[in-house]
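Asker: generate coordinates for the sequence data below:
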Amino acid sequence: MVSIPDDLLARIDAGAAERGESRSAFLQEAARMRLGEPNARALAAMEAVKGLIVGVRGPTAVEAVRRDRDRVLIGR
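Answerer: Numbers count the residues shown, from 1 in each chain. Reported below is the predicted structural model:
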């Protein structure tokens, strides 16, 4: 049995409703976060972003410094 003050329970219910979750799902996620487990939604979002940037490459730091230096020195 778990005791939760009424005001905290109301905040939990509001938070769960905002996310479209049950109270139980909300509390399970909160417990996982507190225990340091990775957030499944955040991991999925990061994987999705990684999928978008595969093959995309910008200049390396050295290339960017040289490019900017040359723009200043040569005026390009």
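Asker: quick one, grab the pLDDT at the residue positioned nearest the centre of the chain.
Answerer: Most central in the chain under Cα atoms, centre = their mean is Ala42, positioned 4.8 Å from the mean C-alpha point. We have a pLDDT of 84 for Ala42.
Asker: how much space between it and Arg23?
Answerer: Going from Ala42 to Arg23 by Cβ to Cβ, to the nearest Å gives 21 Å. Using the backbone N, CA and C atoms, a C-beta is placed for each residue, glycine as well.
Asker: check Met33 too.
Answerer: 16 Å.
Asker: and for Ala17?
Answerer: When Ala17 is compared with Arg23 (using Cβ to Cβ), they lie 9 Å apart.
Asker: burial count for Asn39?
Answerer: 12 (other Cβ atoms under 10 Å).
Asker: please identify the helix or strand for the nearest residue to it once chain neighbours are set aside.
Answerer: Excluding the flanking residues, the one nearest Asn39 by Cβ to Cβ, 6 or more residues apart in numbering is Met33, at 6.6 Å. Secondary-structure assignment from DSSP states H and E places Met33 in helix 23-34.
Asker: show me the contacts for Arg11.
Answerer: Listed by Cβ atoms under 8 Å, 6 or more residues apart in numbering, Arg11 has no contact partners.
Asker: now it: which helix or strand?
Answerer: Judged by DSSP H and E, Arg11 forms part of helix 6-19.
Asker: good, we can wrap up now.
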